[in-house]
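Peer 1: what follows is a predicted structure for the sequence shown.
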Amino acid sequence: MCGIAGCFNPRTPPDEAFLQSLCCTMRQRGPDARGTYLDGALGLAHTRLSVIDLDGGAQPMHGDDGRYTLVFNGEIFNFRELRAELEQAGEIFHTKSDTEVLLQLLIREGADCLPRLNGFFAFAFYDATKKTLLLARDYHGVKPLYYFHLPTGEFGFASRFGTLTLCPGCPETVSLPALADYLAFQYIPAPATIHEGVKKLCPGTAVEFELETGAVREIELGAQIQTGPDLAVCAEHFTYLGACGTVWHLLSEAVKRRMVADVPLGVFLSGGLDSAIVATLAAKHSTAPLECFSIGFDDPRYDESADCKATAAHLAKIAPHGLHHHIKTVQPQDFDLLPKLAAEFGEPYADASMLPSYFLAAFAREHVTVALSGDGADELFGGYERYRAMAVLQKLRTFTPGFLWSAAAACLPDSGERSKAGRLKRFLRLGAVSGAAARYDALMSHFASESVGMIAPDLRPYLNTKRTLPEASELMASLMEDDLRRYLPGDVLTKVDVCSMAASLEVRNPFLDPKVSTFARALPVSFKIHNGRRKRILGDAFADYPSPDPSADGELQEQGMGLLPPKLALRRKRGFGVPVAAWFRTVWRDRLREALLDELPKHWTVFDRAALERLIDEHQNGGKDRSYLLFSLLMLSFQGKNA
């Protein structure tokens, strides 16, 4: 795992000192080595977290004749198979790294090689003869890449938003539509960023920049190429039992591929199904005791440590070489950590689960350099409660007018989304919204538009975003696809990347293996969500006794698939929640007021101080839950300091 950056600026050509300054801002992403490259007005920078071929693989990496140069952030898990193909074609390799395999593929095939890659990546590939620079990002958006291009020809890119802002000419004007999106969703969906003229490279896309003409060409990568049968076609014809077996096999192979490393490796273990599946398969493939990492909290409403211990105890019985379970109770209400994380994210981001995510990554890094996680399972296999809620609302709205839903919602207090009354109130409010796309937009938004309009009147024109849902045969399939394209890369994977890189830890995601995701996306919704049970097929593929389909138990066990107790397969999803609403009334009470009333208006003049004070009072003294919006504003106040 690495950090990459570069800029092209004929007016102020980069020099070695400038490139070293870029490297300094990316030292957490790559603490083991750094390298630079200069060619006239173009400069490239790279910092390395060594994982594969520790002695080789230095970057920037050059082709034999010096024409081509690559800076690469990511891992290619099928690099050995690709290398064998290239060697048969006559290529000679000088290292054992996946970076050199990618370099040779790009030299031979350009962007056409990317659908063949099984892994995650963000890279810049320079052709010194044609004077072109190719940037590309993996299909799910596991690794970030920001860039800008000015009409005067300047161009810059970086793994970190904060690194990119150091490039001369980087736009600095705040985008009000992006700010409104941030307050709604707690992140800014690609391709937008908080600065007008700075973009995120969208997942599964590439851009090619011509240095001599200043032209930029966007390239959408082709569908990922799979060896063997067409999994998407196969999924359409599988029986449920056959699909269970295929999911088991594909995930087992995905975990095995992601265990290739020349450094210590472990697994994040929460109390849920996804991480338990990854840990179980990792233990099966490991040649040594598996290192598992969990964190706990003092607050029992959010603490999963008992479930983690129970899962670890079960895995210890079936792991061929045993396991070491490391668990640590943390205090996530550390207010002083927030400015540090704000600086790491670079642009506004406010998913509060960043706090436990960072603590888990930092804890794991004390023992390992690579960790496997269960990210992506919810989006691929229907793990979120909101999918079923949307389906229920769609049915009920056909015969119930919206004003009745609004009236019913008004009868309930603002008691917070974690309470039963709060969740019911939110459900009723959603019922008043017409149309599936608008309703899902409202569901994914964490504020009432009138609240933002009150504290920042200039944002009112940008508050009603219009989401377009992907086409699908069923509503829930459309919602899962929308989350894969928008929420997963924008929120979940951004958090995982930034929090893990802040601890210099590489995180790998077996559920996002292209074979797994291709097969999962083609499965019928009924295989994923059935009679209110979410992630049905994952539970049945890996549980000892898949209780919802008792007739299949014997056949599943005969295939050697039952690895987890059925209680775990049916365990309710909890997630990495933290009691921010309570902290704003207690341990963070005074510091919240200081940040929002003194710092925020100073750096972000769009906000009205008196309205901010009323918003805080409503939460701290009025019994209303404004925690989502307040936390977003709090993180924004730190971004002002880091701008």
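Peer 2: Sure thing, it's come through. Numbers count the residues shown, from 1 in each chain.
Peer 1: residue contacts, Leu38?
Peer 2: Taking Cβ atoms under 8 Å, 6 or more residues apart in numbering as the criterion, Leu38 is in contact with 14-16, 19, 44. Using the backbone N, CA and C atoms, a C-beta is placed for each residue, glycine as well.
Peer 1: looking at those, which are in helices?
Peer 2: Among the contacts of Leu38, the ones falling in helices (DSSP state H) are 16, 19.
Peer 1: and the contacts of Leu38, which are buried?
Peer 2: 14, 19, 44 (16 or more other Cβ atoms under 10 Å).
Peer 1: redo the residues you listed as TSV? Include pLDDT and distance to Ala33.
Peer 2: Below are the buried ones among the contacts of Leu38 laid out as TSV (pLDDT from 0 to 100; distance: Cβ to Cβ, whole Å):
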residue	pLDDT	distance to Ala33
Pro14	96	20
Leu19	97	14
Leu44	98	14
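Peer 1: now those residues in JSON lines, with distance to Pro320?
Peer 2: Compiled in JSON lines, those are given as follows (distance: Cβ to Cβ, whole Å):
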{"residue": "Pro14", "distance to Pro320": "52"}
{"residue": "Leu19", "distance to Pro320": "47"}
{"residue": "Leu44", "distance to Pro320": "44"}
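Peer 1: straight-line length of stretch 289-300, end to end?
Peer 2: One end of stretch 289-300 to the other measures 30 Å (Cα to Cα, to the nearest Å).
Peer 1: also stretch 447-458?
Peer 2: Start-to-end, stretch 447-458 (Cα to Cα) is 16 Å.
Peer 1: how far out from the middle of the chain is that stretch?
Peer 2: Relative to its chain's centre, stretch 447-458 lies at 28 Å (Cα atoms, centre = their mean, to the nearest Å).
Peer 1: from the chain's centroid, how far away is stretch 413-431?
Peer 2: 27 Å.
Peer 1: can you list the residues that contact that stretch?
Peer 2: Applying Cβ under 8 Å, 6+ apart, the contact partners of stretch 413-431 are 301, 389, 393, 396-397, 400, 402, 405-406, 408-409, 412, 439, 442-443, 577, 581, 623-625, 627.
Peer 1: how does it look with 7 Å?
Peer 2: 389, 393, 396-397, 405, 408-409, 412, 439, 442-443, 581, 624-625 (Cβ atoms under 7 Å, 6 or more residues apart in numbering).
Peer 1: now render the contacts of Leu38 as TSV, adding distance to Ala421.
Peer 2: Shown next, in TSV, are those (distance: Cβ to Cβ, whole Å):
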residue	distance to Ala421
Pro14	57
Asp15	61
Glu16	61
Leu19	56
Leu44	55
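Peer 1: tell me the two of the contacts of Leu38 that are most distant?
Peer 2: Asp15 and Leu44 (12.8 Å; Cβ to Cβ).
Peer 1: hang on, Tyr37 is in a helix, isn't it?
Peer 2: No: assessed with DSSP: H, G, I helix; E, B strand; the rest coil, Tyr37 is strand; it does not lie in a helix.
Peer 1: list the contacts for it?
Peer 2: Contacts for Tyr37 (Cβ under 7 Å, 6+ apart) come out as 43-44, 60, 69.
Peer 1: among those residues, who's most crowded?
Peer 2: Within the contacts of Tyr37, neighbour counts (other Cβ atoms under 10 Å) peak at Leu44, which reaches 26 neighbours.
Peer 1: was I right about that residue contacting Val71?
Peer 2: Yes: contact criterion Cβ atoms under 7 Å: Leu44 and Val71 qualify, at 5.2 Å.
Peer 1: what ranges in the stretch 151-300 of the chain fall below the confidence cut-off?
Peer 2: Low-confidence segments of the stretch 151-300 of the chain (pLDDT under 70): 225-237.
Peer 1: mind running it again at 80?
Peer 2: Confidence mapping of the stretch 151-300 of the chain against pLDDT under 80 gives the ranges 222-237, 299.
Peer 1: just the strands in it please.
Peer 2: Using DSSP state E, counting those that start in this stretch, the strands found in the stretch 151-300 of the chain span residues 155-158, 198-200, 205-210, 216-220, 265-268, 290-296.
Peer 1: any idea how far the last one is from the chain center?
Peer 2: When you say that, I think you mean strand 290-296. Relative to its parent chain, strand 290-296 has a centroid offset of 20 Å by Cα atoms, centre = their mean.
Peer 1: that one packs against which elements?
Peer 2: With contacts defined as 3 or more Cβ pairs under 7 Å, 6 or more residues apart in numbering; DSSP states H and E, the packing partners of strand 290-296 are strand 265-268, helix 273-285, helix 305-318, strand 323-329, helix 354-365.
Peer 1: so the nearest residue to Phe363 once chain neighbours are set aside bridges to which residues?
Peer 2: Nearest residue to Phe363, sequence neighbours excluded (Cβ to Cβ, 6 or more residues apart in numbering): Lys328, at 5.1 Å. Under DSSP bridges, the beta-bridge partners of Lys328 are Ile295.
Peer 1: from Ile277, how far off is Lys328?
Peer 2: 23 Å (Cβ to Cβ, to the nearest Å).
Peer 1: for Asn464, same thing?
Peer 2: Remark: distance between Asn464 and Ile277 (Cβ to Cβ) = 40 Å.
Peer 1: so between those two, which is more surrounded?
Peer 2: Each of Asn464 and Ile277 has its neighbours counted (other Cβ under 10 Å); Ile277 has more, 28 against 13.
Peer 1: what sits closest to that one if chain neighbours are left out?
Peer 2: Of all residues not flanking Ile277 in the chain, Phe542 sits nearest, at 5.3 Å (Cβ to Cβ, 6+ apart).
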